[in-house]
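> After the sequence you'll find the predicted model.
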Amino acid sequence: MTAIINRQSARRVSKVDRFLTFIRVFLVGLIVIGILAFLAQQFAPDNPFTRWRNPDAMGLSADQFKGLLMSGLSQGAMYGLIALGYSMVYGVLGFINFAHGEVFMAGAMTGFIASEKFNASGLWESNFLLCLVLIIIMAIGISTLMAVLMERVAYRPLRNSPRLIPLITSIGVSFFIQNAVMGLFGPASKPYPRLPEWLAKQRSILTFEIAGTKLLVLVVAAVSMVGLWYLVERTKTGKAMRAVAEDKEIAALMGINVNRIIVTTFAVGGAMAGVAGILWGLLFRSVTHMTGFLPGIKAFTAAVIGGIGNLGGAMAGGIALGSAESVAPLVILEPLGVPGVSQLKDVVAFTVLVLVLLFKPSGLFGERLSAEERA
Amino acid sequence: MSTTMSAPSSTSSAAPALLDQDWRRIGKWGGLCAVAIVLVSLIGMPVGLDRRTIIEGRLSLGYMALIWIPLLFGYVVSKRVVLEGVKTPDPGARDVFAGLCAGVLSGLGPVLLILGIDNFNLRKPLVNWGPPLLEQLTFGRGIGFGVAAWFGICAVLGLLGSLMHVLPKDVRRVVSFVTYGLLSISILEAVISDLSEGFGLESLADAMYAKRGGLTVKSSIILVVVIGVFSIVTKGRLKGATSRYQELQGEERKRASIVLFSGVAGLCIVLPLFLGKIVNELLANVGLFLLLALGLNIVVGLAGILDLGYVAFFAVGGYTTAVLTSAESPFFTPELHFGFALIIVVLMAGLTGLVIGAPVIRMRGDYLAIVTLGFGEIIRLLFMSDWLKPYFGGAQGITNVPPVDLGFAVVTGIDPRSVFYLVLVFCTLAIYVSWRLQASRLGRAWMAIREDEQVAEAMGINTVNAKLMAFVVGAMMAAVSGAVLAAKVGSVFPNSFMILVSIIILVVVIVGGMGNIAGVLVGSFVLIGVLGGPRQPGLLQEFQSYKLLIYGALLVFMMLQRPEGLVPSARRSQELHQEEFLQDAWLKGVDLDREEPEAVEQPGAASGVEGEGAPA
């Protein structure tokens, strides 16, 4: 029976399907040709295949490439940290918390305010590590508070409403927070104080040249990830979270306080975003009220790439997206003769999202959602 | 319904004592109100909006931004939760006292803020923390006066807010008529003075409005009386007229509709002749956004597809027009006529709609939202990139888009009235198309998909095609709007097409009422007209820097309190409140044979925890 149905549906390919196949083939072709051209240019910048699209191809040196990869990795680790929040909330409640990027921005903003105060009092210079720990704690506090408040005020009353309603609400929340922050702290971009020399200087690890800050980002991200893994997989709260993600009603029957677990989920996601906010501040040393917007969307992309609801996947997705975004413009687009490739970073990120959703909508590592939310 | 419902504990039949209050509730709302006042003050509204006066020398928009808060909270705190099947006592002195208490408590907000600003300097992170705000909050008369005044003001406002429950219905009607009437006359100052000038009644406007804006005290008193009398006279008449219109049938209804329509059309055509440049400019902007909103209404409101990248089509329309008609466009030098370009614009938009729609159409609703948002951003970035600079001019955009030459008239941005007429034509067309589509086979298919995609598919609807059609129709409307914008402004820049635009249009559609043309009309007039579009100022120009904040807050508020919008479409609100309808029906005993008085309190007592679904 199923066989017959399959054959029938196989015969009738709609135009949309054909078009989708075309897009798939086109994108894959683009990537393959780009990479081939890149390889050709690396082997011999003078061969005709390289010259075909990009007459003045230079090729990348190994150091340049490693540098790109490193900045991609550190940026990706940050996306990963933010993505954890998206992924957890989606896993538990089944909606995209669009305002999660704003939680991240709040962390970065807190970091700026606190570090400026520390800098004014001289503590930033004299005892940087203490300051760093303090601002991370503060950022975690504020971001967590914000995420929890958001849940309480905007999302809890909508728990049982149609799917798109909480999403639209979260867009409103995001808009509101962005502009409230702009009103409170002004629209100018806010610079973090100078980092101490020992942190900012370039280091060489296993022949990889990497700035100390980027290393710090990777280390902090790894530590947070381990902490989160412990929380989710090894503690009772984590078990309850997984149960709630699996099926809210049954979890409630098992004596789990569903509301509390949902709040915890928001809190943990918020804390991760707070950490990411500080890391952003250290890495780019500036923050505005719009800081949360693009990284937020990209982090969601990362969560989708890794498979939404899947925490390891979110981190892996973040790193993959970060590297793709930093490497792909120079490796795929530049050899194809596209000028000004660094402007197309965000285009690459969104294209990756479309690609993943076209080829493997459940993400690279599989999504973990309850049956109801998958519908 | 969303407030945590304190179970009706004090519903005893004995006369409720004044002090038998739900103090926690009062504390919560009063505290929230205080926080809200502080937040609004620190965001800078009192100072930033102070330039605009509502009543000369008495009330400015800056204070207005503060005083509505205790009023609203007083209203909310004394509101009883009305549950179907539970007897609610009539509101009385107890509720008014609750409002008063909440008001006094909320006075703590501005008072603490005054003392804080006076004693500490937090200017560094908080940009509005400083003397101007202090001056504003203390009414320029010293700290002591400010502290006393705010306690007094908040208490009175809380009281007034809660009084709204107690007053007889007729009085309430008069009060709200007067308040809204006075406010709207003040907001519409520009329009009214333009109009009176156009009709040669300058003296009227001069008498009504003060020289530096705002109503004069004398005229506002007269207006209060006039509006009050008006509201008493028209009591019941307005509603009667609408219901009489709705009851009309067949030929009569048709005739009434024609009269109504020609009246509106005549007004639309004649009014702009008497209006000045600024107001006409405003109307033209409202029209442009109305066109966009009508398109989005088809995508989001009818078909239920949340397209956050809607601005992409707007951009495509604008850029296509610019490339085809401008002599400056780097890649296509011939200058086509606007009318000819418009055909290509519509075709291009349809094509873009297909290309963007096809990959996303089968995704889950929320994924689709993010992916379309991504597309919206991609299109802007591509228009801005160096890569496509030879075609679209990069960040500098395309300038020198010629005005529309209609043969008998030229539509340029310098003459906003002509733009308005052009937009009016397109809007009428779009309204007609939406209206016809709504009832058509396709429109019904869209609504079925919105309600339940799987069921719709099972009913034999080709969901993929129907959704694609929604994309295409929406895209065409947006593109026409973009084309007119390009001709109006005379240039296109990538930064005119930020994601912001899509979100503002979404707010317009949602606040107005998803899936309802009248709602979209109301939404765009109220929001774009009063607050303004992403770059375009509205009637309240002072709101320029706060309007996005307000849009965000409005979106959240509407979703929480009234997801069907100001002017709901009957069908949509039924969908949204399906569970409540079922529950109410059950409680009213429509389901008969199992009405248990005990079960009645459940929905209230469940207070936000997993709401009980409608019993099978």
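Received, thanks.

> what helices or strands is the host helix or strand of residue A:69 leaning on?
Applying DSSP states H and E as the criterion places residue A:69 in helix A:62-93. When contacts are defined as 3 or more Cβ pairs under 8 Å, 6 or more residues apart in numbering or on different chains; DSSP states H and E, helix A:62-93 packs onto helix A:100-121, strand A:208-211, helix A:212-234, helix A:236-246, helix A:258-284, helix A:293-306, helix A:311-328. For glycine as for every other residue, the C-beta is placed from the backbone atoms N, C-alpha and C.

> Those: lowest mean pLDDT?
Ranked by mean pLDDT, the helices and strands packed on helix A:62-93 bottom out at strand A:208-211, with a mean of 76.

> Would you mind giving the domain segments of chain B?
Following automatic domain parsing, chain B resolves into domains at B:1-167, B:168-235, B:275-497, B:577-613.

> ok, and which of these has the densest surroundings?
Most buried of those by mean neighbour count (mean count of other Cβ atoms under 10 Å in any protein chain shown) is domain B:275-497; its value is a mean of 21.

> when you scan that domain, is anything in it near chain A?
Yes - Domain B:275-497 is in contact with chain A by Cβ under 8 Å from any Cβ of the partner chain, via B:304, B:306, B:308, B:354, B:358-361, B:363, B:365-367, B:369-371, B:373-375, B:377-378, B:381-382, B:384-387, B:389, B:464, B:468.

> so residue A:368 makes contact with residue A:312?
No - with contact defined as Cβ atoms under 8 Å, residue A:368 does not count as touching residue A:312 (10.3 Å).

> on that earlier part again, quick check: which of the helices and strands packed on helix A:62-93 is nearest to residue B:292?
Minimum separation from residue B:292 across the helices and strands packed on helix A:62-93 (Cβ to Cβ) falls at helix A:293-306, 21.3 Å.

> That closest one close to chain B?
Yes - residues of helix A:293-306 contacting chain B under Cβ under 8 Å from any Cβ: A:297, A:300-301, A:304.

> before we move on, the earlier item: nearest to residue B:58 among the helices and strands packed on helix A:62-93 would be which one?
Among the helices and strands packed on helix A:62-93, helix A:100-121 sits nearest to residue B:58 (Cβ to Cβ), with 38.0 Å.

> what mean pLDDT does the next helix or strand after that closest one have?
As assigned by DSSP H and E, the chain's next helix or strand after helix A:100-121 is helix A:123-126. Averaged over helix A:123-126, pLDDT sits at 83.

> chain center to helix A:123-126, what's the gap?
In terms of Cα atoms, centre = their mean, to the nearest Å, the centre of helix A:123-126 is found 31 Å from the chain centre.

> Can you pull out the residues in contact with it?
Residues outside helix A:123-126 that contact it (Cβ atoms under 8 Å, 6 or more residues apart in numbering or on different chains): A:115, A:118-119, A:130-131, A:193, A:196.

> list the buried ones in the next helix-or-strand element following it?
Using DSSP H and E, the helix or strand that follows helix A:123-126 in sequence is helix A:128-150. Neighbour counts over helix A:128-150 (16 or more other Cβ atoms under 10 Å in any protein chain shown) mark A:128, A:131-132, A:134-136, A:138-140, A:142-144, A:146-148, A:150 as buried.

> Minimum distance to chain A, which residue of the stretch 351-500 of chain B gives it?
In the stretch 351-500 of chain B, the residue that lies nearest chain A is residue B:386 (3.0 Å; Cβ to the nearest Cβ).

> Cool, thanks, talk later.
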